[in-house]
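1. need a 3D model of the following:
(one chain, ligands or ions: 2)
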Amino acid sequence: MPDPLLLWRNPQTGFRRRLPLSKIRNAIAAKAEQKLNRLKPKSSPFIAVIDPTNACQLHCPLCPTGQGSEGRKKGMMKLDTVDRILKELGHTIIDAELDNWGEPFLNPDLYAIIAAFKNYKIHTAASTNLSFKEQLDPQELVNCGLDHLIVSTDAARPKTYQKYRVGGDFELVLENIKKVVETRKKRGSLRPFITMKFLVFPHNLAEQDEFNKLAHDLGADRVQFQAPYFPEKMIERLYQKITPEQIEKFARPKPKRRNCHWLWTGVAISWDGGVSPCCFGISYHSQFDFGNICSQSFREIWTSDIYQQARSVFLGKEPKDSRARFCFSCTHRGG
Ligand code: SF4
Ligand code: SF4
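-> Numbering: from 1, shown residues only. Ligands and ions are numbered 1, 2, ... in the order given. As a prediction, this is how the structure comes out:
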């Protein structure tokens, strides 16, 4: 008997789709196993952060990629890695974010990667600087079915933009947003839903109203103001005039639970197949990978000793393995 379908709504885009009951059952089981602190969960993650590439053409001052900090070797995810991921996790993933440490559109297979995820009824989002010419094909973008395009813009004026998106071209970004909006309209499609994102700094605080207007005029669907996700001390060093209170109102809500949902409900997979428990700093370095999906089955990694050690942090245990210790000293814990 075929799996019954249930209506599921993505809270950010509002897009509804019919998901197989088995996906929803798995998500409920994963949340329950998180609550029970199961060290070897039977369920699988339903949120995935997949990094098509960790390379980027910009040099944003707070980004390790932009600053060339040493980390995982640079590269592009191959389609056979995507096939492996989807064979193992396509039947449980509900939402996938197709970006992490780089500019996803630099991967020439990005449109095919998105389409592959969509074949498994997965809601897809990609965060981009959109400051490029050749890599953007608006027709392909609409065809592949990307649900959510998040454009890091951070300014209403070119001079302000340049302060953080170093190496980017503000006018080109706006032109590209227009192209996507026009193509979407011509094709009668609602996808991709477009969010223009604004990381709040002292240098751009005054441009918020102007930014709202700009986004509206361009035809974007939503604006998102957000504090940068970096330690306050680091921000202070880079921007002497910062007062954290000024941007506090844009900060993400602090996680209520100490127990980190990522270890039961989500996973981050780098371009080379490296599996990390989440998309935070731990995934920037390959030496902290919990396993590799190109050479191991996901279930083997998910129930491995290292994953169990990381989950046992929430039972008050101090892990021995340096990779699991990342979770022990982590301040995000599910944020
Ligand atoms: S655009 Fe994104 S990936 Fe590129 S340097 Fe800036 S923050 Fe980093
Ligand atoms: S505890 Fe921190 S490092 Fe570990 S999975 Fe959660 S957010 Fe990631």
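
2. got the CA positions of stretch 3-17 in CSV?
-> Below are the C-alpha coordinates for stretch 3-17, written out as CSV (Å, rounded to 0.1, in the frame of the first residue of the first chain):
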residue,chain,number,x,y,z
ASP,A,3,2.6,5.7,1.9
PRO,A,4,-0.3,8.2,2.6
LEU,A,5,0.6,11.9,2.0
LEU,A,6,0.2,14.7,4.6
LEU,A,7,0.2,18.4,4.0
TRP,A,8,3.3,20.1,5.4
ARG,A,9,4.0,23.9,5.5
ASN,A,10,7.4,25.5,5.6
PRO,A,11,7.3,28.3,8.2
GLN,A,12,9.7,30.6,6.3
THR,A,13,8.3,30.5,2.7
GLY,A,14,4.8,29.3,3.6
PHE,A,15,5.0,26.8,0.8
ARG,A,16,2.9,23.7,1.4
ARG,A,17,3.6,20.3,0.0
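
3. avg pLDDT for that stretch?
-> Mean pLDDT, stretch 3-17: 88.

4. contacts for that stretch?
-> 18-22, 24, 94-95, 121, 123, 125, 147-148, 190-191, 193, 195 (Cβ atoms under 8 Å, 6 or more residues apart in numbering). Quick note: C-beta positions are derived from backbone N, CA and C, even for glycine.

5. distance between that stretch and the chain's centre?
-> With Cα atoms, centre = their mean, to the nearest Å as the basis, stretch 3-17 stands 19 Å off its chain's centre.

6. in the stretch 1-150 of the chain, which spans are helices?
-> With helices called from DSSP state H, counting those that start in this stretch, the stretch 1-150 of the chain shows them at 21-35, 79-89, 110-118, 138-144.

7. buried residues in the third one, which are they?
-> So that's helix 110-118. Using 16 or more other Cβ atoms under 10 Å as the test for burial, helix 110-118 gives 110-111, 113-118.

8. same question for the first one.
-> Across helix 21-35, burial judged by 16+ other Cβ under 10 Å covers 23-24, 26-27, 29-30, 33-34.

9. how about stretch 199-216?
-> Quick answer for stretch 199-216 (16+ other Cβ under 10 Å): 199-201, 203-204, 207, 211-212, 214-215.

10. so does that stretch get close to ligand 1?
-> No - shown here: stretch 199-216 not in contact with ligand 1 (Cβ under 6 Å from any ligand atom), separated by at least 8.8 Å.

11. can you dump the C-alpha atoms of that stretch in CSV for me?
-> Provided in CSV are the C-alpha atoms of stretch 199-216 (Å, rounded to 0.1, in the frame of the first residue of the first chain):
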residue,chain,number,x,y,z
LEU,A,199,23.2,41.7,8.7
VAL,A,200,23.1,44.6,11.2
PHE,A,201,26.2,46.5,11.9
PRO,A,202,26.8,50.1,13.2
HIS,A,203,27.7,51.1,9.7
ASN,A,204,24.4,50.1,8.2
LEU,A,205,21.9,50.6,11.0
ALA,A,206,20.6,53.9,9.5
GLU,A,207,19.7,52.2,6.2
GLN,A,208,17.0,49.9,7.4
ASP,A,209,14.0,51.8,6.2
GLU,A,210,15.7,52.4,2.9
PHE,A,211,16.4,48.7,2.6
ASN,A,212,12.8,47.8,3.2
LYS,A,213,11.8,50.1,0.4
LEU,A,214,14.5,48.8,-1.9
ALA,A,215,13.4,45.2,-1.3
HIS,A,216,9.8,46.1,-1.9
